[in-house]
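*Asks:* Sequence first, predicted model second:
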Amino acid sequence: MRDETSLSTHVSIKDGRGGIEKKLTGIPRKSQLALLVSPSVLWLIILLVLPLITMIGLSFQKSAFGPGSDVFTFASYLNFWQNSAYQSLLGKSLWISLVVAVMSIVLAYPVAYFLAFHAGDKQGMLLNIMIIPAWTSFLLRVLAWRLILGSNGLLNTFLMWLGVIQEPISGLFYSVNAVIITLVYIWIPFAALPIYVALLRIEPGLLEAASDLGAKPWQGFFKVTLPLSIPGVLAAFLYVFIPTVGEYVTPALVGGPNGLMIGNIIWDQFMRGLDWPMGATLSLVVMLIVLLPLIFMAKAAQQTGLFGGKSE
Amino acid sequence: MKIYRFRALVLLAVFVSTLLAGCSAGAGTQKIDKPEKPLVILEWTGYEVTEYPQFFVPFSDKYGDNINDYVNVSVFGDDAEAFAKVQSGFKADVIHPCSSWWGLYVESGLVQPLDVSRIAEWENIPEAFREPGKFNGQYYFVPWDWYYEALLVRTDLVPEMPTSLADLWDPMYAGHVSLWDNGEVSFATAALAFGINPFNTSPEQDEFVKQKLIEIKPNLLTYWLDYTQAIELSASGDAWIVASAWQDTYSVLVDEGYEVTYLEPEEGYLAGVCGYGIGTNNTNLDLTYEFLNAAIDPHSMANFTNEYWYGAANFAANEFIDEGAAELLQLDDFENVLKNTRFYPPLTAERRDLLSDLWNEVKAAP
């Protein structure tokens, strides 16, 4: 008897909720959810998961076409393992990305700080001004640096006018430095945004409290502002670092013979070398190397509550 | 809950399969609707019959306004790209690769042998161009355009004129040389510079050439990727010497008034020839040979040479070629030029892979 009543109330509640939803849409709640996410899930499956599986399969094939495509082999991985040129290039690419990420953050932080704390009414306008360059074509922005660093560029002309140099320096544009300069320039707005958002979230009362307790402005910055903006800095780091590792357009355009990155070799393996297994292997190795510290960082951030996952 | 998840999955599966079915159905009906389907031509950009009717005069005159009912042109910008496309299932009726790729097409069964009796101008094509397209006693390609690879030198900038490919390694030109970002070509250039036959090397020689290509890096400004970049590098004065440059690069710079010269290196020219092959599944052979005969027609070919300064494989076209282009191509002295010129021979898949890897390792080297 007791059981029966409890069961009946349970059923009636469930009926009640379901009834309202049915009246509104005629579709059960779970199906509604499935419908809502299915476009993006489909998108991800077709354009990310399936290609990724294809890539993994490809990396174990002997060749992309012909009879070799049915042969299962570790040759590409072995080739990478034994190839010091590819390894050192991968190392160099990671190094370039690291330098670019750190420099972008260092240069973006003051911008974000100014926007968040000192821009006042003009915040919105200044934010737009910062982002507008990102609307122009990527290629155009890369090539714009030719006007500055090229042998007839602004920098050379200026130095020659000053009399510092007699002849234009021609190695400026096609070099590793040119790659770094160009990439830092391109990524500063993207690094500034997450830092800006993190800074905005800081309670102004905290800084007041710090100064009330006798902290000098720089102490307030290092003890309050900076630690609280670390989630934004980390996000900025990942925003810049991850896409930069696989970069191939910028090095191809401004890198010269010594400024190429692993992305250029991957592109070449696919587009011209026709060695798709090797290209797939290199891509997966890069992905793994980028993914591991990412997972580690995310775990660490979650445990320390850096991303605001845990409220205190 | 499990049931709903299952339902979502079923929905998803249905969606995907309708999508796929839709695609294949679309492709299927097209064939049925058009019994006489147009020729699918896989062509270099800048050569399309639909855009450049003057290169295919009799054909474009005949079909003029309705040309799209007879041909369907797809373009490519790189031999490797075209080969990958055909390899992965693109059904091309007519393909236009260059000689070093010809063997790969034949080896992979992507082209069918020619019936040379159906090509009216066949005898006017020099043997030097026809032979690379001959496999197992049969011809597979109609040679059409040919080119030299030479040193494009800014005469007003170099401290001293280079005379040979070996001069590219001279520190005098440090930071002002540009090589083509192409393994096969840069390997041949380096091998020739150090007295090695580029088309018949031992593994030790391969390693030697690789080291030489790494050694040249301090002399390099950058690798050039396509001909617009080659033009830009030379025009800006950053690259004093552009290696492996083609005639069209030179013609553009001359037109714009730059002080450039197109220099035949002491080691002789490297050269290439490109031509049309017929896809294995092509059954519309009447229209195909009509197209090929139009392409190889002397007037079509002369129009082509006069526009791009590339060579015409049909030597009957030579009398219609402008003086400037003829002089650049050294047509009056062609027999002698041939003796001192190396045409890229067809490569095997293994050799191509080796050169591609070698080149990538050169580029990756610190």
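*Replies:* Received, thanks.
*Asks:* For burial, what's the neighbour tally of A:Asn177?
*Replies:* For A:Asn177, the neighbour count with other C-beta atoms under 10 Å in any protein chain shown is 15. Yep, even glycine has a C-beta here, placed from its N, CA and C like the rest.
*Asks:* tell me the centre residue of the chain?
*Replies:* Using chain A. Chain A has A:Tyr239 as the residue nearest its centroid, 2.7 Å off, counting by C-alpha atoms, centre = their mean.
*Asks:* nope, chain B
*Replies:* With distances taken as C-alpha atoms, centre = their mean, the residue of chain B nearest its centroid is B:Cys98 (4.5 Å).
*Asks:* excluding its backbone neighbours, what's nearest that one?
*Replies:* B:Cys274 (4.0 Å; C-beta to C-beta, 6 or more residues apart in numbering or on different chains).
*Asks:* picking that back up, what's the per-residue pLDDT of the residue nearest to the centre of chain A here?
*Replies:* Per-residue confidence at A:Tyr239 stands at 89 (pLDDT).
*Asks:* How about B:Trp240?
*Replies:* On the pLDDT scale, B:Trp240 gets 94.
*Asks:* how far away is it from chain A?
*Replies:* Between B:Trp240 and chain A the computed distance is 10 Å (C-beta to the nearest C-beta, to the nearest Å).
*Asks:* near chain A, which residues of the stretch 101-250 of chain B show up?
*Replies:* Selection of the stretch 101-250 of chain B residues close to chain A by C-beta under 8 Å from any C-beta of the partner chain yields B:108, B:175-176, B:182-183, B:217, B:220-223, B:225, B:236-238.
*Asks:* Equivalent analysis for the stretch 251-366 of chain B, please.
*Replies:* Selection of the stretch 251-366 of chain B residues close to chain A by C-beta under 8 Å from any C-beta yields B:Ala349, B:Arg352, B:Asp353, B:Ser356, B:Asp357, B:Trp359, B:Asn360, B:Glu361, B:Lys363, B:Ala364, B:Ala365, B:Pro366.
*Asks:* unless I'm mixing things up, the residue nearest to B:Cys98 is touching B:Ile95, no?
*Replies:* No: taking contacts as C-beta atoms under 8 Å, B:Cys274 lies outside contact range of B:Ile95: 10.3 Å.
*Asks:* who has more neighbours, those two?
*Replies:* Counted by other C-beta under 10 Å, B:Cys274 and B:Ile95 do not tie: B:Ile95 has more neighbours, with 28 against 23.
*Asks:* where in the chain is pLDDT low?
*Replies:* As the question left the chain open, I've gone with chain A. A:1-25, A:170-171, A:304-312 (pLDDT under 70).
*Asks:* Let me rephrase: I mean chain B.
*Replies:* Low-confidence segments of chain B (pLDDT under 70): B:1-36.
*Asks:* Now do the strand or helix carrying B:Glu43: everything it contacts.
*Replies:* B:Glu43 belongs to strand B:39-44 when assigned by DSSP states H and E. For strand B:39-44, the external contacting residues (C-beta atoms under 8 Å, 6 or more residues apart in numbering or on different chains) are B:48-49, B:70-77, B:82, B:85-86, B:90-96, B:274, B:279, B:282, B:284, B:287-288, B:291.
*Asks:* What strands line up against that strand, and which way round?
*Replies:* Under the criterion DSSP bridges, strand B:39-44 sits next to strand B:71-76 (parallel), strand B:94-95 (parallel) in its sheet.
*Asks:* can these go into CSV with extra columns for distance to A:Gln269?
*Replies:* Listed next are the strands paired with strand B:39-44 as CSV, based on distance: least, C-beta to C-beta, whole Å:
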stretch, distance to A:Gln269
strand B:71-76, 18
strand B:94-95, 23
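*Asks:* residue contacts, the residue nearest to B:Cys98?
*Replies:* Applying C-beta under 8 Å, 6+ apart, the residues contacting B:Cys274 are B:Trp44, B:His96, B:Pro97, B:Cys98, B:Ser99, B:Pro143, B:Trp144, B:Asp145, B:Trp146.
*Asks:* Go again with 7 Å.
*Replies:* B:Cys274 makes contact with B:His96, B:Pro97, B:Cys98, B:Ser99, B:Trp144, B:Asp145, according to C-beta atoms under 7 Å, 6 or more residues apart in numbering or on different chains.
*Asks:* Quick check: the residue nearest to the centre of chain B touching B:Gly277?
*Replies:* No: using C-beta atoms under 7 Å, B:Cys98 is not in contact with B:Gly277; the gap is 11.0 Å.
*Asks:* From B:Thr50, how far out is the nearest residue to B:Val94 once chain neighbours are set aside?
*Replies:* Take B:Val94 and drop its neighbours on the chain: the residue closest to it by C-beta to C-beta, 6+ apart is B:Ile41, 4.6 Å away. Remark: distance between B:Ile41 and B:Thr50 (C-beta to C-beta, to the nearest Å) = 9 Å.
*Asks:* anything in contact with each of these two?
*Replies:* Counting by C-beta under 7 Å, 6+ apart, the common neighbours of B:Ile41 and B:Thr50 are B:Val71, B:Val73.
*Asks:* Looking at the two, which is more packed in?
*Replies:* B:Ile41 (23 against 14).
*Asks:* Report the separation between the more buried one and B:His299.
*Replies:* B:Ile41 is 20 Å from B:His299, by C-beta to C-beta.
*Asks:* Report how many residues lie close to residue 226.
*Replies:* I'll assume chain A. Look at A:Leu226: counted by other C-beta under 10 Å, it has 14 neighbours.
*Asks:* That was the other one, I meant chain B.
*Replies:* The tally of other residues near B:Asp226 (other C-beta under 10 Å) stands at 13.
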